[in-house]
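In: Okay, structure incoming, though there's no sequence with it:
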């Protein structure tokens, strides 16, 4: 069955969560609790995977609440290719030179660059730790024994991402600055807390493309978009790419 998504006409559009919940009464695929998540993830794509009749009904209800949307077949909405991470970025005349963490370099012509995205993303990581302690036990009559326990836990980490999209393979590459990763631009190390340095990098990269091929991070020097999840960040990219009608490869 063909399914559809509803897209914002502009990223500046806002809707109250209660209005979103009221509009959802017209469709069975979107429950009231779903609306809280949809409202938090409102970065271009309002909802996906709706049957055509429900997408049309939801669109009509949203329009009545001053929130017009664009209805798009899910098959026409670009999916993002897996990204290859780079660590070093050099700008040399008409080329970008990318180097990964093990020293492999690749020259990417600026003429093949089609879109740039950037932002600060909150990433949830699953981490583990091994703990050891002495356990004498309640009924122990001898020496305490050494107990080893494996503990799994979730940890939220902030990450600055800079994503490059090209017309040739590999279509997508990104650089990351976080607690465990540093970006080097023209040999200068840039860490997550180096706000001015990261903005300088973004400004230099933004000069390579016209404004319509840049994500919201590049639109204003006062803008510092932050995304609660990687999905929000990627949905905004997909929204931009659809608007550009770029020939982006779709993953199977």
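Out: Good, I have the coordinates. As the structure is a computational prediction, the values presented were derived from the model and not from experiment. Numbers count the residues shown, from 1 in each chain.
In: mind listing the strands in the stretch 101-250 of the chain by residue range?
Out: For the stretch 101-250 of the chain, the strands defined by DSSP state E, counting those that start in this stretch occupy 105-109, 113-135, 145-166, 172-177, 183-185, 188-190, 226-227.
In: Any stretches of the stretch 151-252 of the chain with poor pLDDT?
Out: By pLDDT under 70, the low-scoring segments of the stretch 151-252 of the chain are 152-155, 220-225, 246-252.
In: if you set the cut-off to 80 instead, what comes out?
Out: Residues of the stretch 151-252 of the chain meeting the criterion pLDDT under 80: 151-156, 219-225, 245-252.
In: Quick check: bridge partners of residue 89?
Out: Residues in a beta bridge with residue 89, per DSSP bridges, are residue 98, residue 185.
In: Run through the residues that contact it.
Out: Neighbour list for residue 89: 96, 97, 98, 162, 175, 183, 184, 185, 186, 201, 205 [criterion: CB atoms under 8 Å, 6 or more residues apart in numbering]. C-beta here means a position set from N, CA and C on the backbone, and glycine is covered the same way.
In: which among these gets closest to residue 39?
Out: residue 162 (27.6 Å; CB to CB).
In: can I assume that closest one is in contact with residue 204?
Out: No - when contacts are counted by CB atoms under 8 Å, residue 162 is not listed as touching residue 204 (10.7 Å).
In: So for those two, which residue has more residues nearby?
Out: Neighbours per residue (other CB atoms under 10 Å) separate residue 162 from residue 204, with residue 162 holding more: 23 against 13.
In: residues touching that one, list them.
Out: Shown in contact with residue 162 (CB under 8 Å, 6+ apart): 89, 116, 117, 118, 174, 175, 176, 183, 201, 202, 205.
In: any idea how far residue 132 is from it?
Out: Distance, residue 162 to residue 132, by CB to CB, to the nearest Å: 41 Å.
In: Next: residue 120.
Out: Distance from residue 120 to residue 132, by CB to CB: 37 Å.
In: So between those two, which is more surrounded?
Out: With neighbours defined as other CB under 10 Å, residue 120 and residue 132 compare such that residue 120 has more, 19 against 8.
In: Show me what the more buried one is bridged to.
Out: Counting by DSSP bridges, residue 120 forms beta bridges with residue 160, residue 226.
In: Same question for residue 45.
Out: Per DSSP bridges, the residues bridged to residue 45 are residue 7.
In: Thank you, goodbye.
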